[in-house]
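[1] sequence and predicted structure are below.
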Amino acid sequence: TFTWYSLAQGQVTGNWPEGGEGLLTGGSPRYGLYATGDGWFLAVGALEQKFWEVFCEAISLDPGLSDDRMNPEATRSAIASIIASEPASYWRSYLEPRDCCCTVVRSLEEALADPHLTARGQLDNQAEEPGGRRLVSTPLPLAPVFREHAPALLRVPSSGGDQELLQTEPDRGD
């Protein structure tokens, strides 16, 4: 479900992205998982500059490394060292209130109790076993309108085919 970007890139360019090379697959220190001092992980998604600046300032990243284009591996290594210096509970209370797109990865049990998921109805799909025990089933994370009325097969022009149509249509003078 969440591979749409890589799937599109591979189909259009023929270059199927490998882990660690794309912006969203580990190629940027701004987007990834960093181990905390107690074995949990901090998920960082500070792609936009405003979030990145808040994150770098909050963790006191050396200003010379905040331009992650210069030496992304050095930046990633420094961040990893900083995040590993404290337990998850520290990062949860210190970073999560800031506007920097970071969160400690939750356990599945914690996720089931998350108020954000509950409010969005992500845990509403349930099955009931004989005896009354309820089991949660997460739905496909798309709006129902896209799931209910989606055609089995959507026919589209070939990649670039719409460009050929534009070039061959006569000028109508509009």
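    Alright, I've got the coordinates.

[2] please count neighbours and contacts with C-alpha atoms only from this point.
    OK.

[3] what ranges does this structure have for its helices?
    Assigned helices in the chain, in chain order: 4-13, 49-58, 72-84, 88-95, 108-112, 115-119, 144-148, 161-168 (criterion: DSSP state H).

[4] out of these, which gets nearest to Glu129?
    Closest of the helices of the chain to Glu129 is helix 108-112, at 18.3 Å (criterion: CA to CA).

[5] from the contact counts, what lies against that closest one?
    When contacts are defined as 3 or more CA pairs under 8 Å, 6 or more residues apart in numbering; DSSP states H and E, helix 108-112 sits against none of the other helices and strands.

[6] and stretch 45-56, what's buried?
    For stretch 45-56, a neighbour-count test (16 or more other CA atoms under 10 Å) marks Gly45, Ala46, Leu47, Phe51, Trp52, Glu53, Val54, Phe55, Cys56 as buried.

[7] ok, stretch 37-46 next?
    Gly37, Trp40, Phe41, Leu42, Ala43, Val44, Gly45, Ala46.

[8] same question for stretch 3-14.
    Across stretch 3-14, burial judged by 16+ other CA under 10 Å covers Ser6.

[9] columns distance to Glu21 and pLDDT on top of the buried residues of stretch 45-56, output as CSV?
    Supplementary listing: the buried residues of stretch 45-56 in CSV, determined by distance: CA to CA, whole Å; pLDDT from 0 to 100:
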residue, distance to Glu21, pLDDT
Gly45, 16, 95
Ala46, 17, 96
Leu47, 15, 94
Phe51, 22, 97
Trp52, 19, 97
Glu53, 23, 97
Val54, 25, 97
Phe55, 22, 98
Cys56, 22, 98
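
[10] that's all I had, so thanks and see you.
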